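Q: got a sequence here, can you model it:
(one chain, ligands or ions: 1)
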Amino acid sequence: MLKNLCQKMFGRSLWVFHANSGGCNGCDIEVLNVLTPYYDVERFGIKLVGSPRHADVMLCQGPAMRATARALRCAYEAMPAPKLVFAIGSCACGGGIWHDSYPVLGPVEKVIPVNFYIPGCPPRPEAIIYGVAVAVGLVDKKVAPVEFKQLELPIPLYHPSDLRGRDEMVVYEKMEKI
Ligand code: SF4
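A: Numbering: from 1, shown residues only. Predicted structure coming up:
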């Protein structure tokens, strides 16, 4: 349903605003790489704009920080509706390696509503283009659902008396052998 809505609302062009609320700039470099002539996303109608007031989409990098949360919220509120938010990178999606740092609030969804998540640290430019293209219905999703199964791994048990052999070498034996 969201895909159909996106196709209807954003089918012809996407104007994107790029916001970093506190990341390490790794994700920024990849996002800006996407916008260079090498990847040339303007052929899909995706264009970078300098103000959130002109944007359809916000690309967020970095975790939500105490210092930047208000500015991020203001930028989101300045965007005209309808609007989409992409969390790009592990920090924006879940807090990443900074999740328990004192100035970090967590993922950006703690401050603004997020519609799509593109994980990675940082995600490659191809992943960002693919994520945006799938989200707005330019290409079909190619990944089938995967069912995960828990593997049963045998955990060896040891007894303290097994730790030394006759030649005083340290040996380990399974408890079942006693
Ligand atoms: S996800 Fe990785 S590359 Fe991106 S801002 Fe966080 S630490 Fe940096």
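Q: would you agree residue 69 is in contact with residue 103?
A: No: Residue 69 is not in contact with residue 103 according to Cβ atoms under 8 Å; the separation is 10.2 Å. (Glycine included, C-beta is placed from N, CA and C.)
Q: more neighbours: which of these two?
A: Ranked by neighbour count (other Cβ atoms under 10 Å), residue 69 and residue 103 place residue 69 first, with 17 against 11.
Q: how about the residue nearest the centre of the chain, nearest residue that isn't a chain neighbour?
A: In the chain, the C-alpha nearest the mean C-alpha coordinate belongs to residue 119, at 2.6 Å (Cα atoms, centre = their mean). The shortest distance from residue 119 to any non-neighbouring residue, by Cβ to Cβ, 6 or more residues apart in numbering, is to residue 93 (5.0 Å).
Q: next one: residue 124
A: Nearest to residue 124 is residue 30, by Cβ to Cβ, 6+ apart, at 6.7 Å.
Q: remind me which helix or strand that neighbour belongs to.
A: Counting by DSSP states H and E, the element that carries residue 30 is helix 26-34.
Q: any idea of the mean pLDDT for that helix?
A: Helix 26-34 comes out with an average pLDDT of 89.
Q: try stretch 39-54
A: For stretch 39-54, mean pLDDT is 86.
Q: who touches it?
A: 12-19, 33-35, 55, 58, 75-76, 78-80, 125, 129, 132-133, 138 (Cβ atoms under 8 Å, 6 or more residues apart in numbering).
Q: dump that stretch to CSV, keeping only the CA atoms.
A: Provided in CSV are the C-alpha atoms of stretch 39-54 (Å, rounded to 0.1, in the frame of the first residue of the first chain):
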residue,chain,number,x,y,z
TYR,A,39,26.1,7.3,-10.2
ASP,A,40,24.0,10.1,-11.6
VAL,A,41,20.7,9.7,-9.8
GLU,A,42,19.3,12.7,-11.5
ARG,A,43,18.5,10.4,-14.4
PHE,A,44,15.8,9.0,-12.1
GLY,A,45,14.6,12.5,-11.2
ILE,A,46,16.3,12.5,-7.8
LYS,A,47,17.8,15.9,-7.0
LEU,A,48,19.5,17.3,-4.0
VAL,A,49,18.0,20.5,-2.6
GLY,A,50,19.4,22.9,0.0
SER,A,51,16.3,23.6,2.0
PRO,A,52,13.9,21.2,3.7
ARG,A,53,11.1,23.5,2.5
HIS,A,54,11.7,22.3,-1.1
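Q: going forward can the numbers begin at 2, since that is how I track them
A: Done: numbering now begins at 2, and the last item shifts to stretch 40-55.
Q: buried ones in that stretch?
A: The neighbour-count check on stretch 40-55 (16 or more other Cβ atoms under 10 Å) flags 40, 42, 45, 47, 49, 53 as buried.
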